[in-house]
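Visitor: Turn this into a structure:
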Amino acid sequence: MRLSKSLVFSLLGVLCLAIMMQPPAVRAEAPIVAKPIVIGHRGASGYIPEHTIAAYAIAIEQGADFIEPDLVMTKDGVLVARHENEIGGTTDVASRPEFASRFTTKTIDGFAFTGWFTEDFTLAELKTLRARERLPSVRTGSTAFDGHFSVPTFEEVLVFVRATNDRFKADARRSRGAPARQIGVYPETKHPTYHRQLGFAMEEALVAVLRRQGFSDRRLVFIQSFEVGNLKQLSRLTPLPLVQLINAGGQPYDFTVSGDPRTYADLVTPAGLAEIATYAHGIGVNKSVLFPRDGAGNIGEPSDVIANAHAARLIVHGWTFRAENQFLPANFRNGTDANAFGDLAGEIGTFLDAGMDGFFTDHPNIGVAARDTFLAAP
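Guide: Alright, predicted model coming up:
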């Protein structure tokens, strides 16, 4: 499925009009959700530039239960939605001569990156930029939307979601039918140690914005991070559910800084999961950790991570599920075109059958259909 420009802007117009017309930390002892959730990864990022209000709106329209804003900070300490603080590939900053002097190289979490960085821009300056498709050679259709959308603040994202939920509640009251659909948010703190070294307290800023916008319902918020100390600090600031992200290799960067030798692989052992359960409510896991691939790129049997996490009373969310062949296991690809869509629904169904409690996807419509098919199966 490809989205036309006219369809997207028509949809956004309808959504905006509908919205405008509307007059102490404790671990959960049971899963936060009753059925597997679908998380719009950076919005509907398979169809439109990521981390834009439009991407979040499309994800909601396609049936996502949660949207995921990755968070970084501006020079004046405002949380904004970008996958990384380096924005050369996701905005038009490279074409803006007034910002040419800010092109630089920085070391972030031990790796050198060259480009333009959000912490060198005030919010007002950042707002003059426009979002671009991050994978233009893969998602050529999305490039039609380059230049149309600004970089949203986290506060703007929450305002949009709150207004959408208010609209759903009003619709439910008028119809006197099923309970109102409600959309959750799943923010990630990006590079919290790096930001702390710059003098930014991401944890306090995140909790303050959530409180200010009234996001206190534990069913509608998850907070995630690859770092451990960041989540432990958040566990002292908020009762909202926390999720420890797990990558397929390496270690949390705050472990690197402190000299802790443990890796992500250590964190998904029974002992590691038991520790995670003291400060978090779930794990968000690279899908290759849940289903390792063989030498041919196929997946077969799951690892024991899901079972061990559930034994520790942790929920398990997998990432990232994308429809293009190049992102799929070999046994779920269709044809030889790396950018063509393969059997994403089949892959998702396999993971859900293994007990996964939710998943991040760039293509929420396919994810919702796969989840609903799984739930309807006898």
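
Visitor: Could you give the bridge partners of the residue nearest to Phe154 when sequence neighbours are not counted?
Guide: Among residues not flanking Phe154 along the chain, Leu79 sits closest, at 4.0 Å (C-beta to C-beta, 6 or more residues apart in numbering). (C-beta placed from N, C-alpha, C; glycine too.) Beta bridges link Leu79 to Met73, judged by DSSP bridges.

Visitor: neighbours around Leu79, how many?
Guide: 26 (other C-beta atoms under 10 Å).

Visitor: was I right about it contacting Val209?
Guide: Yes: using C-beta atoms under 8 Å, Leu79 is in contact with Val209, at 6.3 Å.

Visitor: can you list residues touching both of those two?
Guide: 154-155 (C-beta atoms under 8 Å, 6 or more residues apart in numbering).

Visitor: which one is Glu50 nearest to, not counting chain neighbours?
Guide: Arg42 (3.7 Å).

Visitor: tell me the contacts of the one you found?
Guide: Arg42 touches 50-51, 55, 68-70, 83, 362, counting by C-beta under 8 Å, 6+ apart.

Visitor: Now for Val159, how many residues are close by?
Guide: 15.

Visitor: name the element it belongs to?
Guide: Val159 is part of helix 154-175, with elements assigned from DSSP states H and E.

Visitor: list the helices and strands the helix or strand that comes right after that helix packs on?
Guide: Next helix or strand after helix 154-175 toward the C-terminus (DSSP H and E): strand 184-185. The contact analysis (3 or more C-beta pairs under 8 Å, 6 or more residues apart in numbering; DSSP states H and E) places strand 184-185 against strand 66-68, helix 154-175.

Visitor: quick one: contacts of strand 184-185?
Guide: In contact with strand 184-185 (C-beta under 8 Å, 6+ apart) are residues 37, 65-69, 157-158, 161, 215, 219-222.

Visitor: and with 10 Å instead?
Guide: 32-33, 37, 39, 56, 64-69, 154, 157-158, 160-162, 165, 210, 213, 215, 217-223, 241 (C-beta atoms under 10 Å, 6 or more residues apart in numbering).

Visitor: Counting neighbours, which of those residues end up buried?
Guide: Among these, those buried by neighbour count (16 or more other C-beta atoms under 10 Å) are 32-33, 37, 39, 56, 64-69, 154, 157-158, 160-162, 165, 210, 213, 215, 220-223, 241.

Visitor: can you give me the strands for the stretch 251-378 of the chain?
Guide: 282-286, 315-321, 358-361 (DSSP state E, counting those that start in this stretch).

Visitor: quick one: which of the ones you listed is nearest Asn331?
Guide: Nearest to Asn331 among those is strand 315-321 (14.9 Å), distances taken as C-beta to C-beta.

Visitor: Give me the neighbour count for Asp353.
Guide: When neighbours are counted by other C-beta under 10 Å, Asp353 comes out with 11.

Visitor: what number of residues lie near Gly259?
Guide: Neighbour number of Gly259 under other C-beta under 10 Å is 6.

Visitor: For Ser258, give me its contacts.
Guide: By C-beta under 10 Å, 6+ apart, the neighbours of Ser258 are 193, 228-229, 252.

Visitor: Please convert the residues you listed to a markdown table, extending it with distance to Phe121.
Guide: Output for the contacts of Ser258, formatted as a markdown table (distance: C-beta to C-beta, whole Å):
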| residue | distance to Phe121 |
| --- | --- |
| Thr193 | 21 |
| Val228 | 29 |
| Gly229 | 27 |
| Pro252 | 27 |
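
Visitor: related to what we said a few turns ago, hmm, which two among the contacts of Arg42 are most spread apart?
Guide: Spatial extent of the contacts of Arg42 (C-beta to C-beta) is set by the pair Pro69 and Asp362 at 14.6 Å.

Visitor: so Ala124 touches Thr74, yeah?
Guide: Yes: at 9.0 Å, Ala124 counts as touching Thr74 under the criterion of C-beta atoms under 10 Å.

Visitor: In terms of neighbours, single out the busier of the two.
Guide: More crowded of Ala124 and Thr74, by other C-beta under 10 Å: Thr74, with 24 against 11.

Visitor: Apart from its neighbours in sequence, what residue is nearest the more buried one?
Guide: Leaving aside its chain neighbours, Thr74 sits nearest to Leu123 (4.8 Å; criterion: C-beta to C-beta, 6+ apart).

Visitor: The one you found and Leu79: what is the separation?
Guide: 10 Å (C-beta to C-beta, to the nearest Å).

Visitor: Quick check: neighbours shared by the two?
Guide: By C-beta under 10 Å, 6+ apart, the residues touching both Leu123 and Leu79 are 73, 153.

Visitor: Tell me who's in contact with the residue most central in space within the chain.
Guide: With distances taken as C-alpha atoms, centre = their mean, Glu68 lies nearest the centre of the chain, 3.3 Å away. By C-beta under 10 Å, 6+ apart, the contact list for Glu68 reads 39-43, 45, 50-51, 56, 59, 81, 83, 184-188, 222, 224, 284, 319-320, 360-361.
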